[in-house]
Every structure is written in C-alpha cells, then in structure tokens.
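>>> When you get a sec, could you give me coordinates for this:
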Amino acid sequence: MPPPVPARDPGLQPERTRLAWRRTTLSCTVAAVLAAKQAAHQGSSPLGLVALTLSGLVWLGFLAVAHRRIQTLSGAAPPRVLTVRAAIATAACTVALACFALAIMF
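Predicted coordinates for the structure are as follows:
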C-alpha cells in the first residue's frame, strides 16, 4: 500500500505566483520608465519615438495580462491554469519591450 499523499496547502503556491507576477510587473514598469527617461534625455530619433510609444503600449498590454492573472490567483477557488494565449502574450510583451529598449538606445 503506497504511503498517503500529504494535502497541499492551497494558499502558498498561488500566493508565491501572485507575488512573482507583481515583481515582474514592477520590472516591466521600471524598464518602460527607463526607456522614457533615455528618450527624454537623449533626444530620440523618429525611430526612437516610435519605439518609445510602442514600449508604452506593450507595457499597458503586459499590465492587463498581469492584472487579470493576479485577480485569478486572488480568488477563493483554486486558480485556473494560465492559458496558452496569456502565456504567449506575456512572453511577446517581454521580448517586444526588450527590442524597443534597444531601438531607443540607438
């Protein structure tokens, strides 16, 4: 007879995940603010201004995905699994933000 599986505390894992989403949101916010600061102090080219605008839009998109996920994790019921669409949107926002930051620097 296999040993009994201990019950998992349902509050710890969603709490850690929620905190990770908040840290990632803060990191994206810092990256967007630093991009704006770089563009303001350096006097960006038209490409830099487009990249800055797109960085702001990507940041807002990431905030929307992160907020929705944080709200899902805050519920009393067990959280749903992150959808493939949300995971792809999050990864795309992160990569796009990095690419736009590079465009602002040059």
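>>> nearest spatial neighbour of residue 38, skipping sequence neighbours?
Once flanking residues are discounted, residue 38 sits nearest to residue 104: 5.5 Å by CB to CB, 6 or more residues apart in numbering. In short, each C-beta sits where N, CA and C put it, glycine included.
>>> And residue 54, by the same measure?
residue 100 (5.3 Å).
>>> Surely the one you found touches residue 55?
Yes: the criterion here is CB atoms under 8 Å, and residue 100 meets it with residue 55 at 4.2 Å.
>>> Report the set of residues contacting both of those two.
Each of residue 35 lies in contact with both residue 100 and residue 55 under the rule CB atoms under 8 Å, 6 or more residues apart in numbering.
>>> sorry, back to before: residues contacting the helix or strand where the residue nearest to residue 54 lies, please?
Element membership for residue 100, per DSSP states H and E: helix 84-105. When contacts are defined by CB under 8 Å, 6+ apart, helix 84-105 is touched by residues 28, 31-32, 34-35, 38-39, 44, 47-48, 50-52, 54-55, 58-59, 61-62, 65-66, 68-69.
>>> what's the neighbour count on residue 48?
Using other CB atoms under 10 Å, the number of residues around residue 48 comes to 19.
>>> My read is that it contacts residue 40, right?
No: Residue 48 lies out of contact with residue 40 (CB under 8 Å); the separation is 10.5 Å.
>>> Helix, strand, or coil at residue 82?
coil (DSSP: H, G, I helix; E, B strand; the rest coil).
>>> so how many other residues sit close to it?
Residue 82: 14 neighbours (other CB under 10 Å).
>>> In which helix or strand does the nearest residue to it once chain neighbours are set aside reside?
Counting by CB to CB, 6+ apart, residue 69 is the residue found nearest to residue 82 once chain neighbours are left out, at 6.6 Å. In the assignment (DSSP H and E), residue 69 maps to helix 46-74.
>>> I appreciate the help and will end here.
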